[in-house]
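S.K.: prediction below, plus the sequence it came from.
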Amino acid sequence: MPLSGVRPRMSKNIANFFKSNVGLLVLGFILTTICGGFINEMHTRSTWKRDKRFELLGRELTKHEELLSDLTKVVGARTFRLQRVVFAMDSPDSPAPETWQLNDEAKNKLNARWDEYYQTVIDWNLNYRSYATKIRVLAGEDVANEFFSAAATGARRAGSQTVCGGFEQTHDVVVELKKTALTAQIDRAKHDQAQREVDDLYDRVDRFVTRLYRALGDKEQSDDPFKPGRSRP
């Protein structure tokens, strides 16, 4: 029999078979197996992606908590110890006179508090650029620039509007007052200026930490928590 006659007959027999009850059963089994395997594969992939996303989100939240904990501890310690340096130069009399002189005991106390404070300066200088990078990755460019951006005069100084710049400015004012306190009489106007600088620094740090908390909170609640979003002011 010619081959051309065999193929139509085979196709007809196959078609008749799948029209029969047995054929329909076999066809249903084949389709169920194929579709079931496909659905199972899709479900497995979807479950893996979901579980992996939850795992990554958990790691991301841990990074947020670590950043907030470390940064608030560092900025809090430096601000508080700088305030203690200024307190060590307060007038022994109240109300304060226009000028006053520290005795030897007060000078020793001032030097001891300065040494405590300066340890935070060393820690800060070693880590603030790392903090800036973490903030940029986790909270976005705007928040990072509020923490640190280089001044126009060069990368060694921070912009005056930043948190780092605020620390540098206040540090410089307190340094000058300390030098005077150890060698001459303290002028009340300069002491009051140093205290205002510290007060302003506290306010700047509080505003920044609040904004950082909000930025990270908004990111955690967003549709894509792995993409830094625009933070609220």
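M.R.: That came through, no problem. Worth saying up front: this structure is predicted, and the values here are computed from it rather than measured.
S.K.: show me the helices in the chain, by range?
M.R.: 3-19, 21-87, 104-139, 141-147, 163-183, 188-221 (DSSP state H).
S.K.: residues of stretch 88-103 that come out buried?
M.R.: Residues of stretch 88-103 classed as buried: 88-89, 91, 100, 102 (neighbour count, 16 or more other C-beta atoms under 10 Å). In short, each C-beta sits where N, CA and C put it, glycine included.
S.K.: again with stretch 156-174
M.R.: Neighbour counts over stretch 156-174 (16+ other C-beta under 10 Å) mark 158-159, 162-171, 173-174 as buried.
S.K.: redo these as TSV? Include pLDDT and distance to Asn125.
M.R.: Formatted as TSV, the buried residues of stretch 156-174 follow (pLDDT from 0 to 100; distance: C-beta to C-beta, whole Å):
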residue	pLDDT	distance to Asn125
Ala158	89	11
Gly159	89	17
Thr162	94	15
Val163	95	14
Cys164	95	10
Gly165	94	14
Gly166	95	15
Phe167	96	10
Glu168	95	10
Gln169	95	15
Thr170	97	15
His171	97	11
Val173	97	18
Val174	97	16
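S.K.: hmm, back to that, return the member of the buried residues of stretch 88-103 nearest to Ile122.
M.R.: The shortest approach to Ile122 among those belongs to Ala88, at 19.7 Å (C-beta to C-beta).
S.K.: residue contacts, the nearest residue to that closest one once chain neighbours are set aside?
M.R.: Nearest in space to Ala88, with sequence neighbours left out and distances taken as C-beta to C-beta, 6 or more residues apart in numbering, is Leu110 at 4.3 Å. Each residue near Leu110 by C-beta atoms under 8 Å, 6 or more residues apart in numbering is listed here: 85, 88-89, 102, 178, 181-182.
S.K.: from Ser94, how far out is Leu110?
M.R.: Using C-beta to C-beta, to the nearest Å, Leu110 is found at 19 Å from Ser94.
S.K.: now do Asp70
M.R.: 38 Å.
S.K.: just Ala77 next, same as before
M.R.: Using C-beta to C-beta, we find Ala77 at a distance of 28 Å from Ser94.
S.K.: about what we covered before: adding distance to Leu216, write the buried residues of stretch 156-174 out as CSV.
M.R.: Output for those, formatted as CSV (distance: C-beta to C-beta, whole Å):
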residue, distance to Leu216
Ala158, 22
Gly159, 23
Thr162, 19
Val163, 16
Cys164, 19
Gly165, 22
Gly166, 21
Phe167, 22
Glu168, 25
Gln169, 27
Thr170, 26
His171, 28
Val173, 32
Val174, 31
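S.K.: which single one of the residues you listed is nearest to Trp124?
M.R.: Using C-beta to C-beta, these come closest to Trp124 at Phe167, 7.1 Å.
S.K.: tell me the pLDDT at Lys63?
M.R.: If you check Lys63, the pLDDT there is 65.
S.K.: same check on Asp223?
M.R.: On the pLDDT scale, Asp223 is placed at 54.
S.K.: same deal with Lys73?
M.R.: Here, the pLDDT recorded for Lys73 equals 89.
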